[in-house]
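Colleague: Requesting a structural model of the entry that follows:
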Amino acid sequence: MDLHFGDSKPTDEEREAVDALLGPPASAWETAFGDSTVRSDADLRWARGGRAARERRDLLLPGLHAVNDRVGWISEGALDYLCRRLTVPPAEAYGVATFYSMFSVKPRPATVLHVCTDVACAAAGSAELCAGVEGRLQLGSGVAVERSPCLGLCERAPAALVVRAGSPAASRGGQSSDPRSSNAGGAERTHTTAVIAPATVEAAVLAASAPEAAEPEPPASLAVPQAGQPGLTLLRRIGVVDPASLDDYRSHGGYTALRRAFELGPAGVIREVTDAGLVGRGGAAFPTGVKWKATASQPDHPHYLVCNADESEPGTFKDRVLMEGDPYSLIEAMTIAGYAVGAHKGYLYLRGEYPRALRLLGNAIQQARARGLLGDDVLGQGYAFDIEIRRGAGAYICGEETALFNSIEGYRGEPRSKPPFPVEKGLFGKPTAENNVETLVNVLPILTMGAEAYAAIGTEKSTGPKLFCVSGSVERPGIYELPFGATLGELLGLAGKPENLRAVLLGGAAGGFVRADEMDIPLTFEGTRAAGTTLGSGVVLAIDDTVPLPRILLRIAEFFRDESCGQCVPCRVGTVRQEEALHRIAERTGAAAAGDIALLREVGRAMRDASICGLGQTAWNAVESAIDRLGAYE
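Modeller: Down below sits the predicted model:
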């Protein structure tokens, strides 16, 4: 692709997709692509509103989504048109478009079938699923089959997602004669998604052929084996309330916490969260109250709140279940957090692979606005706050907070060096508080039951309830809520531990393995650390003796190689060398493999010590624990 503005023209469909997002063009420069309304002698050296257009750089990612959703891929003409509208250099926009796995800058069919091949699905037979689907959907079938990283459907592995490009359901555009148009030569398509989990070859092929006729997804409560049981805190409404109904949410205690927040004031809310001992649930375990206080105290304005709903860690699906089963709780929690840190705008960065969560959260935000729970005067308290959803597009690294900021701002999702820290200079260079979904939802019980009562749950250093994502070789996979301090054995007892359990992966691909005889490990941040492993985001993947461990390790290495952003050498090169060594080890044994294991250790230490962010720093963890703790290659 030529990385300068060229002569390529967007189709009518591509132009409509961009204009629907950005509004009508304001200058001849923006409509220079053969538009009949522009005079042939128009002076294109000048553009009106250039600075204003540059200030909309953050709409680059939504613009790429708009084109990709409508047509199925992003042509040179479409990218050039979007760049002109936003005054973004084409080379930079191309770098952004090619950063995300869900976008394509090469022609592909309007229908794409994403088949998950990550650890939980690999253990459930995704390799056979992929082979079967690819055999049935040959070239020319009108369906592109793509092997995908984790889709966040681990409790129903193996999983697949169908995305069919087309116009939005509420829009009916005209026909186009351009062969790049998804409407050319046939009836107009509507943008449609379908989730197939657990997936079979027959069900995946059928859904790819007619996604609108696919079986509807089961309710979110199916992923919660404890649904409806007394004593739950974070999961108590899932399976009980209608996730689409604001009235149902309020009748079950909804917005009680927000009213309490207005009674306490911003400083009082931060004090309650601090006294409760709430720490981040995404894996870093940083004290939430400290983060909020640091953000609120910054003199620079505006302040921002960012909810990280891009849970891409293989084996993690708790945030999806919360958003699908209790979406209003997240909207309420974000409003409280924004009030505490002095923010008037919140961004909810949502995984692109979560179509149902997108629909339900969009509905929740719309209903909250209509009822005065978002907007210029929340609950008549004179506080203005609103939320905007930004969709990710398939990049694990965007789970790192500064990479997420870059993604929202319209740049490649690469991590930033720290300091400065986000509480000082975060999103758009302004003070920003960033928390994940589970962390934010914990704020509601803190305010309703009080910090002291909340802190009495769990242990002294790990307070409150914790959500665990249990998948793999268990009878009842799903999300489990337990107080911090419960043991691994107690959790797997609830889920139905198999008698032939071989190992458990804690913390996902960035975590570590423990043996089947280590069931007494306390599930706390300090307990897992003392045991030489990590709690991470709460992934608990059980592996029995029928699952080939070397294949799982190789898949983890492939995952990190694919997901490395490539910004720093230790990670960019180290993840490749790690995968290459594991391929060689798989073909050797004994002394022949010893040299590669020594190389793995050297590469792993280099990545851990010198990588710029957590991806490279943890890419060796699972492999190291499998070698040292499980004797994987003995």
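
Colleague: contacts, neighbours, all on C-alpha from now
Modeller: Noted.

Colleague: okay, the helix or strand that contains Arg85 in CSV with CA atoms only?
Modeller: Arg85 is part of helix 76-86, with elements assigned from DSSP states H and E. The C-alpha atoms that make up helix 76-86 are tabulated as CSV, following Å, rounded to 0.1, in the frame of the first residue of the first chain:
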residue,chain,number,x,y,z
GLU,A,76,-6.6,2.1,0.4
GLY,A,77,-9.3,4.4,-0.8
ALA,A,78,-11.2,4.1,2.4
LEU,A,79,-8.1,4.6,4.5
ASP,A,80,-7.1,7.7,2.5
TYR,A,81,-10.6,9.2,2.9
LEU,A,82,-10.6,8.6,6.6
CYS,A,83,-7.1,10.1,6.8
ARG,A,84,-8.2,13.2,4.9
ARG,A,85,-11.2,13.7,7.2
LEU,A,86,-9.0,13.5,10.3
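
Colleague: Show me what the helix or strand following that helix is packed up against.
Modeller: Scanning the chain past helix 76-86 towards its C-terminal end, the next helix or strand to appear is helix 90-97 (assignment: DSSP H and E). Helix 90-97 is packed against helix 60-71, helix 76-86, with contacts defined by 3 or more CA pairs under 8 Å, 6 or more residues apart in numbering; DSSP states H and E.

Colleague: Give me the next element, helix or strand, following the helix or strand containing Thr439.
Modeller: Assigning secondary structure by DSSP H and E places Thr439 in helix 437-441. Helices and strands here follow DSSP H and E; after helix 437-441, the next one along the chain is helix 443-449.

Colleague: For whichever helix or strand comes after that following helix, which residues meet the burial criterion?
Modeller: The C-terminal neighbour of helix 443-449 among helices and strands, as given by DSSP H and E, is helix 451-455. Residues of helix 451-455 classed as buried under the neighbour-count rule (16 or more other CA atoms under 10 Å) are Ala451, Tyr454, Ala455.

Colleague: Tell me the one of these nearest Ala223?
Modeller: Distance to Ala223, by CA to CA, is smallest for Tyr454 among those, at 25.1 Å.

Colleague: What score does that closest one have for pLDDT?
Modeller: Model confidence at Tyr454, given as pLDDT, is 97.

Colleague: my read: it touches Gly464, true?
Modeller: Yes - taking CA atoms under 8 Å as the contact criterion, Tyr454 and Gly464 are neighbours in contact, 5.8 Å apart.

Colleague: wait, doesn't Leu21 sit right on Ala66?
Modeller: Yes - with contacts defined as CA under 8 Å, Leu21 counts as touching Ala66 at a distance of 7.4 Å.

Colleague: More neighbours: these two, which one.
Modeller: Ranked by neighbour count (other CA atoms under 10 Å), Leu21 and Ala66 place Ala66 first, with 24 against 12.

Colleague: How about that one, nearest residue that isn't a chain neighbour?
Modeller: Spatially, and ignoring its direct neighbours in sequence, Ala66 is nearest to Ala17 (5.6 Å; CA to CA, 6 or more residues apart in numbering).

Colleague: how about that neighbour, what does it touch?
Modeller: By CA atoms under 8 Å, 6 or more residues apart in numbering, the contact list for Ala17 reads Ala66, Val67, Arg70.

Colleague: pLDDT score assigned to it?
Modeller: Looking at Ala17, its pLDDT stands at 96.

Colleague: what's the answer for Gly282, then?
Modeller: Among the per-residue scores, Gly282 holds a pLDDT of 87.

Colleague: next one: Ala586
Modeller: 81.

Colleague: Chain neighbours aside, what residue packs nearest to it?
Modeller: Take Ala586 and drop its neighbours on the chain: the residue closest to it by CA to CA, 6+ apart is Pro550, 7.0 Å away.

Colleague: okay, now that neighbour: neighbour count?
Modeller: Burial of Pro550 is recorded as 17 neighbouring residues (other CA under 10 Å).

Colleague: in which helix or strand would I find it?
Modeller: For Pro550, the enclosing helix or strand under DSSP H and E is helix 549-563.
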